[in-house]
Structure formats: C-alpha cells, structure tokens
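Chemist: Sequence first, predicted model second:
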Amino acid sequence: MKNFQIQYSSKVLTVTVSRPKALNALNAELLEELNDIIQELYQNNDTRGLIITGDGDKAFVAGADIKELAVLDREQALALARSGQNLFKRIEDCPKPIIAAINGYALGGGCELAMACHIRIATENAKFGQPEINLGIMPGYGGTQRLTQIVGRGKALELMLTGDQISANEAKALGLVNHVVSGKDELMALANAIMNKIVNKSPLAVASIIKTVNAGFDFERAGYTAEAENFSACTDTNDFREGTKSFIEKRQPTFTGR
Ligand code: CAA
C-alpha cells in the first residue's frame, strides 16, 4: 500500500496512515486503501482487531485532502461524502474492535475517522476539531452526527461553527477521547494493552456489544442524508472556492455569503 504502513502481531493489525507531506490527509487513493484494509479485517478470521495511527508525531490525519476537494463539483462532492460516510460506517459497525491511537492533528475527516473507531486514545500534543467552516464547508464524513452523539449538541455546534481546535485534555474532558498519554511510545503501548484485553475475550460477545450499542444510533436517519446533501451544496458556492483557495494560498479567506 502507498499510504499505509502495516504490521501484524498477535492477531492484531496496526496500520499507520503515512502521507506525511500532506499531514496524512485523506485523498481518494488513501481512502480506497483504507477500504481494502477494513474489508480484509471483516473477512480474515485470523485478525481480531485493528489499531489505526498516524505516521510521525505531528498528525493523526489533518482531514480530507483539501486540494482534491477544491476541484469537486456538487455531484462529485455528494458522491464523496456518501462513500466516506459508508466507509466510516463500516468501521463503526465492524464486529472486531478498532482503536484510534491519535498522535497529533485529528481535524475534519481525521476527527471523523477517529470518531468512527470504537475507542480513542491520544498523546498530549494531539489536537481535535472540525475546521471545515474555515473552508466555507461543513463536515461530510459523519462528523455532524458522531460529534453530536459523543460530546452533545451544544459543544458539537460550538466546535463545528467556530472551527476551533481543542487539546487532547479538553477532548478527554468532553469524552471525545478515553485516555491521554505523554508520547507516541506510551500511546502504542496503551493501544496494544487495551486491544490485548479485548482480543482475549469471546469474539462473539465483543461483536454483540458493538452491534447492540450501534443499534441505538440509526445510520439511516435523516442526519446523515442531510449531511451529505448539505456538504455537497456548500461546494457549489463562492465561499467554498474562496475557502479552499485561501488555504492553498496560505492566507485568510474573505467570505461573502454567496
Ligand atoms: N489537505 C491537503 N493538504 C493538507 C491538509 C489537508 N487537509 N492539511 C495539511 N496539508 C498540507 C499543507 O497544504 C502543507 O503542504 P505544503 O507543504 O505543500 O504547503 C503541509 O500539509 C503541511 O501543512 P501546513 O504547512 O499547513 O502545517 P502547519 O503546521 O502550519 O498547520 C494544520 C497544520 C493546522 C493542520 C494545517 O495544515 C491545517 O489547517 N490543515 C487543514 C485542516 C483542515 O481544514 N481539515 C479539514 C479538511 S476538510 C474535511 O475534512 C471535509 C470532510 O469532513 C470530509
């Protein structure tokens, strides 16, 4: 795989998102590879769990790839949001445990990826947020729903409307991460310790718990459909063109409401 490093040990797969020149941003090729990894996890009876982390110390995943987003038309944006939602739903519904080991920026699609995982742990330097608003768009990979489920409507709205980044300790206080540790070594050690506990339980009971918890959150409800439609509608605006262009040109955007 071009965008992942893969390790397998004691029935646990560890995948490291590795696209350091773009802070591990999720481009189309990377998402296809992640889809293959998740497919393999579902199908391979020898693999009992998955840990996802990011290469280096700076980023887990800094979001969807803004340079790819910038050139999408409305229909392409709708298809992208739907396929991202479906992939992240496969992660959430996986009968085997998936742990996000977050080692730096988890922004936009990166925060959404982490939220689709069953358990999140982070290093002290990790930063969380849904900064899409700064690009004139909104979360499109399930973040509007999962952030609201995890931290509650009031804080979720504040985070999405301001685009503010929060620290790992703030994320822990909100229940967005379960544990915060000092560095990458401690992060992987804790991820493996939690995973080892789970993979030594009955896989049937593990799968039943995940399935039952998820049954309380109906994926088909209006929120996900609205998210994909409104995400794509945002890409049909001058503000989106200005937001993405300003990111690429490394300057502040000027939004006009058109
Ligand atoms: N997409 C594409 N490239 C990205 C990227 C992204 N999401 N995030 C960072 N990069 C690239 C930068 O363009 C830069 O590339 P160049 O060296 O070629 O200029 C490189 O990674 C390093 O980034 P910075 O120079 O910006 O690093 P920094 O330390 O100054 O800032 C940062 C780090 C705060 C994370 C900043 O990179 C940033 O704000 N990134 C974008 C975060 C974001 O908006 N994410 C949401 C994306 S939209 C989305 O995810 C939609 C959805 O829900 C589906």
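Modeler: Right, received. Where do you want to start? Computed from a prediction, not measured in an experiment: that's the story for all the values here. Numbering: from 1, shown residues only.
Chemist: For beta bridges, what are the partners of His179?
Modeler: Counting by DSSP bridges, His179 forms beta bridges with Ile121.
Chemist: what's the neighbour count on it?
Modeler: Counted with other CB atoms under 10 Å, the neighbours of His179 add up to 15. For every residue, glycine as well, the C-beta is placed using N, CA and C.
Chemist: got the contact list for it?
Modeler: Shown in contact with His179 (CB atoms under 8 Å, 6 or more residues apart in numbering): Ile121, Ala122, Lys172, Leu190.
Chemist: same check, this time on Pro203
Modeler: With contacts defined as CB under 8 Å, 6+ apart, Pro203 is in contact with Arg48, Pro95, Lys96.
Chemist: May I ask which helix or strand encompasses the closest residue to the ligand within the stretch 151-258 of the chain?
Modeler: With CB to the nearest ligand atom as the measure, Phe247 is the residue of the stretch 151-258 of the chain nearest to the ligand, at 6.5 Å. Element membership for Phe247, per DSSP states H and E: helix 238-248.
Chemist: by contact count, what packs against the helix or strand where Tyr8 lies?
Modeler: Per DSSP H and E: Tyr8 is located in strand 4-9. Contacts defined by 3 or more CB pairs under 8 Å, 6 or more residues apart in numbering; DSSP states H and E place strand 4-9 against strand 12-17, helix 28-43.
Chemist: Check those for me and report the most buried one.
Modeler: Counting by mean count of other CB atoms under 10 Å, strand 12-17 has the highest mean neighbour count of these, with a mean of 22.
Chemist: just checking, Asn103 touches Gly54?
Modeler: Yes. Counting by CB atoms under 8 Å, Asn103 does reach Gly54; the two are 5.3 Å apart.
Chemist: can you list residues touching both of these two?
Modeler: Contacts common to Asn103 and Gly54, judged by CB under 8 Å, 6+ apart, are Phe60.
Chemist: rewinding a little: show me how to select, in ChimeraX, the buried members of the contacts of Pro203.
Modeler: Remark: buried members of the contacts of Pro203, expressed as a ChimeraX selection using 16 or more other CB atoms under 10 Å:
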select :48,96
